[in-house]
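**Q** Quick one, what's the 3D model for this:
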Amino acid sequence: MQISENWGDFLLPILRKVFDKQIKQHKDYIPVIYNVEKSTKAQEFTHGIGSIGLMKEWEESGRQIHRDSVNKGWKATYTHKKYSNSMDIEREWMEDNQYPEAKKVTRKLADSLYYTRQYHAAIPFNNVTSFVGPDGVPLASDSHPKGPENSDTWSNYKTNKALNAANVEEIRNDMMEWKDDRGNLVMVNPDTLIVPRALRKNALVVADTDKEPGGNHNDVNIWKGAVDVIEWHFLTDPTMWFFVDMNRMKQFMTWYQRRKGSIEKGKEDHHSEVQNYKIVERFSYGYDEPSFIFAVKTT
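**A** Just a heads-up that it's a prediction; the model follows:
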């Protein structure tokens, strides 16, 4: 086989097809959990605002529309970080028609990108009691301040609660009692259990059985069809489960994609006749406010 001096360029589109196909083999949880946004800056900032009050009754005498105001919310900063990996392919692989080896290398790079993204996406959940948000406390805490101008606190964390129907009901009631910075009920609708592999069976018993789990009276399971289950195998704590409002989670959790990773030519060593192929990606992630999640530890 005749190999030209620009063999690295010739090989690139072939490897790109292999790379893209391999990436698509895996389930991407990022668009499930996060609101994904593109970014053109080194940092992104979001500025939260407090709640708005109830509408006022129209007064015929004054004929004036009521003007409301809001308190300041928390400021969140998203700083994009850069991640990279690369592998070398030797010219002899081309000369000796060893395309399978080149494709294996490419699949490994695709897996590296996929795993890196999923690993980081799960960090706020795997470090839920230490991943500090804009309000100055971790994502799961029993002392979330209601706002910069309101020192009252609320909780979205409990321990010693097994994943069962009774505790799901208890946590739901706790979430439905959340109050905003004006003392009004937060419009939260907990509808999804996010669980590690170890708690998958418990979650499905709650969500999918026809009869009430653990009941002796043949009662209908009120949770069937009312709660979804996401088994996320990137969750590392087998004793932690999460009850979330999916709409609010996609509203408040953001993944900023600054640079999308793909296979590219890296440095070529003409002396050793080795071509480096690289992947580089930039992103950031986090949340604006935590009133979408309740974290529960079984122990």
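**Q** And the helices in this protein?
**A** Counting by DSSP state H, the chain has helices at residues 7-23, 30-33, 91-95, 99-126, 165-176, 200-208, 246-252.
**Q** what would those look like in JSON lines with mean pLDDT and distance to residue 240?
**A** (Each C-beta comes from the backbone N, C-alpha and C, glycine too.) As requested, the helices of the chain are exported to JSON lines (pLDDT from 0 to 100; distance: least, C-beta to C-beta, whole Å):
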{"stretch": "helix 7-23", "mean pLDDT": "89", "distance to residue 240": "28"}
{"stretch": "helix 30-33", "mean pLDDT": "98", "distance to residue 240": "15"}
{"stretch": "helix 91-95", "mean pLDDT": "73", "distance to residue 240": "45"}
{"stretch": "helix 99-126", "mean pLDDT": "94", "distance to residue 240": "8"}
{"stretch": "helix 165-176", "mean pLDDT": "96", "distance to residue 240": "13"}
{"stretch": "helix 200-208", "mean pLDDT": "95", "distance to residue 240": "12"}
{"stretch": "helix 246-252", "mean pLDDT": "97", "distance to residue 240": "16"}
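**Q** so where is this structure shaky, pLDDT-wise?
**A** For the chain, the stretches flagged by pLDDT under 70 are 1-7, 62-63, 93-94, 96-98, 214-218, 269-272.
**Q** Which strand runs longest in it?
**A** strand 274-287 (DSSP state E).
**Q** could you say what helices and strands that strand packs with?
**A** Here strand 274-287 touches helix 7-23, strand 72-79, strand 81-90, helix 99-126, strand 253-259, strand 264-269, going by 3 or more C-beta pairs under 8 Å, 6 or more residues apart in numbering; DSSP states H and E.
**Q** Of all those, which one comes closest to residue 239?
**A** helix 99-126 (12.1 Å; C-beta to C-beta).
**Q** Can you list the buried residues in the closest one?
**A** Using 16 or more other C-beta atoms under 10 Å as the test for burial, helix 99-126 gives 102-103, 105-107, 109-110, 112-114, 116-118, 120-122, 124-126.
**Q** For the residue nearest the centre of the chain, which residues are in contact?
**A** By C-alpha atoms, centre = their mean, the chain has its centre lying nearest to residue 33, at 4.0 Å. Neighbouring residues of residue 33 by C-beta atoms under 8 Å, 6 or more residues apart in numbering: 121, 194, 249, 250, 253.
**Q** Select from those the one having the most neighbours.
**A** Of all the contacts of residue 33, the highest neighbour tally under other C-beta atoms under 10 Å goes to residue 194, namely 26 neighbours.
**Q** Touching, that residue and residue 228? I think so.
**A** No. The pair residue 194 / residue 228 is not scored as a contact, 9.4 Å apart, by C-beta atoms under 8 Å.
**Q** on that earlier part again, nearest to residue 49 among the helices and strands packed on strand 274-287 would be which one?
**A** strand 72-79 (4.6 Å).
**Q** Starting from that closest one, tell me which strands it pairs with and how they run.
**A** strand 43-49 (antiparallel) (DSSP bridges).
**Q** between the strand it pairs with and strand 274-287, how big is the angle?
**A** 10 degrees (axes from the mean of the first three to the mean of the last three C-alpha atoms, to 10 degrees).
**Q** if I look at the residue in the chain sticking out farthest from the centre, how far off is residue 184?
**A** Relative to the C-alpha centroid of the chain, counting by C-alpha atoms, centre = their mean, residue 61 is the outermost residue, at 51.4 Å. The gap separating residue 61 from residue 184 is 27 Å, by C-beta to C-beta, to the nearest Å.
**Q** same thing with residue 89?
**A** Taking C-beta to C-beta, one finds residue 89 at 61 Å from residue 184.
**Q** before we move on, what about residue 245?
**A** Taking C-beta to C-beta, one finds residue 245 at 16 Å from residue 184.
**Q** Between the two, which has more neighbouring residues?
**A** With other C-beta under 10 Å as the criterion, residue 245 and residue 184 differ in neighbour count, and residue 245 comes out ahead with 21 against 13.
**Q** my read: that one touches residue 189, true?
**A** Yes. Under the criterion of C-beta under 8 Å, residue 245 makes contact with residue 189 at 5.1 Å.
**Q** what is in contact with those two at once?
**A** Common contact partners of residue 245 and residue 189 (C-beta under 8 Å, 6+ apart): none.
**Q** Please give me every residue in contact with residue 121.
**A** 29, 30, 33, 34, 234, 255, 285.
**Q** can you rerun that using 6 Å?
**A** Applying C-beta atoms under 6 Å, 6 or more residues apart in numbering to residue 121 gives the contacts residue 30.
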